[in-house]
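Enquirer: here is my input, please return the structure:
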Amino acid sequence: MIYCVEDDTGIRELISCALISGGYKVTGFENSRDFLNSLKTEIPSLILLDVMLPGQDGFQILSELKCNNNYSSIPVIMLTAKSSELDKVKGLELGADDYITKPFGIMELLSRIKAVLRRTSGNSSNAQTIVIDKLVIDLQKRTVFYDGIEAVLTYKEFEVLSYLGRHKGTAVSRENLMLNVWGFDYEGESRTVDAHIKTLRQKLENAGGIDIVTTIRGFGYKII
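Expert: You can find the predicted model right below:
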């Protein structure tokens, strides 16, 4: 099931028809109230979330979802008429998995949905815990401990750390992190990655983990 939260009736119906033709089940909502109420009875596989909504805007809704353990793992694609880099970065930093600017083609939308679902389903692994020395990353509970002390991370900080942990000992480029954590091809937004690494390091250091994530100058990062 895919939820489409879009207040424009024409766009919502067009998306719904396209998704149904693509073999997906879809439920549309024109406001945040109906959408949030429906979440209490059914958890979708993916959410298409418009930014400009009556009442709560898409950014506020996204922030609520990522702060709720029941909904934080649901992939979200933002739909917006805004094309500024700041809006795009804001959505990514709040935890969006992808970002599509209106007007967009139906083929592009379906392709991005497939890519996000493939990427997020691929995050499930038989290994539910990553252990690196004193660092323990629980992929199921989404918790991080260093020597028994918890480091409380945001949704994206956890995704960055777990991705680096899965590739322990391998240098991971910023492009790779943007593509696999945020779902975007790298477009000069290295500050988004760097900002998350900075706060991630601070939280790990507060738990006693020093120099866990190292910088590969001019390339990216790795966990040794």
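
Enquirer: count the residues that sit near Leu164.
Expert: Other residues within reach of Leu164 by the criterion other C-beta atoms under 10 Å amount to 26. The way it works is simple: take the backbone N, C-alpha and C, and place the C-beta from them, glycine included.

Enquirer: just the one 3 residues further on next, same as before
Expert: Around His167 sit 15 other residues, with neighbours defined as other C-beta under 10 Å.

Enquirer: what segments of the chain are helices?
Expert: Using DSSP state H, the helices found in the chain span residues 9-21, 32-39, 58-66, 85-94, 106-121, 155-166, 174-177, 190-206.

Enquirer: packed most tightly, which of those helices would that be?
Expert: helix 155-166 (a mean of 21; mean count of other C-beta atoms under 10 Å).

Enquirer: what's it in contact with?
Expert: Under the contact criterion C-beta atoms under 8 Å, 6 or more residues apart in numbering, helix 155-166 has outside partners 66, 72, 92-93, 95, 123, 125, 130, 132, 135, 137, 139, 142, 144, 153, 172, 177, 180-182, 193, 196-197, 199-200, 203-204, 213, 221-223.

Enquirer: could you do stretch 87-102 as well?
Expert: Here stretch 87-102 has contacts from 11, 49, 51, 58-59, 62-63, 65-66, 72, 75-83, 108-109, 112, 115-116, 119-120, 154-156, 182-184, 189, 192, 195-196, using C-beta under 8 Å, 6+ apart.

Enquirer: and the end-to-end length of it?
Expert: Stretch 87-102 has an end-to-end distance of 13 Å (C-alpha to C-alpha, to the nearest Å).

Enquirer: where does this protein dip in pLDDT?
Expert: Screening the chain residue by residue with the criterion pLDDT under 70, one finds the ranges 82-84, 121-127, 184-189.

Enquirer: could you list the domains of it?
Expert: Residue ranges for the structural domains of the chain, counted by automatic domain parsing, are given in the record as 2-121, 129-223.

Enquirer: tell me who's in contact with Leu46.
Expert: Contacts for Leu46 (C-beta under 8 Å, 6+ apart) come out as Ile2, Tyr3, Ile74, Pro75, Val76, Ile77, Ile113, Val116, Leu117, Thr120.

Enquirer: quickly list what it is bridged to.
Expert: The bridge-partner assignment for Leu46, based on DSSP bridges, gives Ile2.

Enquirer: quick one on the thing from earlier: out of the helices of the chain, the one nearest Ser45 is which?
Expert: Each of those was checked against Ser45 via C-beta to C-beta, and the shortest separation belongs to helix 106-121, namely 6.5 Å.

Enquirer: just the CA trace of the closest one, in PDB.
Expert: Output in PDB follows, covering the C-alpha atoms of helix 106-121 (Å, rounded to 0.1, in the frame of the first residue of the first chain):
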ATOM      1  CA  ILE A 106       4.600   9.600 -14.400                       C
ATOM      2  CA  MET A 107       7.400   7.400 -15.600                       C
ATOM      3  CA  GLU A 108       9.900   9.400 -13.400                       C
ATOM      4  CA  LEU A 109       7.600   9.000 -10.400                       C
ATOM      5  CA  LEU A 110       7.200   5.300 -10.900                       C
ATOM      6  CA  SER A 111      10.900   4.800 -11.400                       C
ATOM      7  CA  ARG A 112      11.700   6.700  -8.200                       C
ATOM      8  CA  ILE A 113       9.100   4.800  -6.200                       C
ATOM      9  CA  LYS A 114      10.700   1.500  -7.400                       C
ATOM     10  CA  ALA A 115      14.200   2.700  -6.500                       C
ATOM     11  CA  VAL A 116      13.200   3.800  -3.000                       C
ATOM     12  CA  LEU A 117      11.300   0.600  -2.300                       C
ATOM     13  CA  ARG A 118      14.200  -1.500  -3.600                       C
ATOM     14  CA  ARG A 119      16.700   0.500  -1.600                       C
ATOM     15  CA  THR A 120      14.700   0.400   1.700                       C
ATOM     16  CA  SER A 121      13.800  -3.200   1.400                       C
END
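
Enquirer: appreciated, that's everything.
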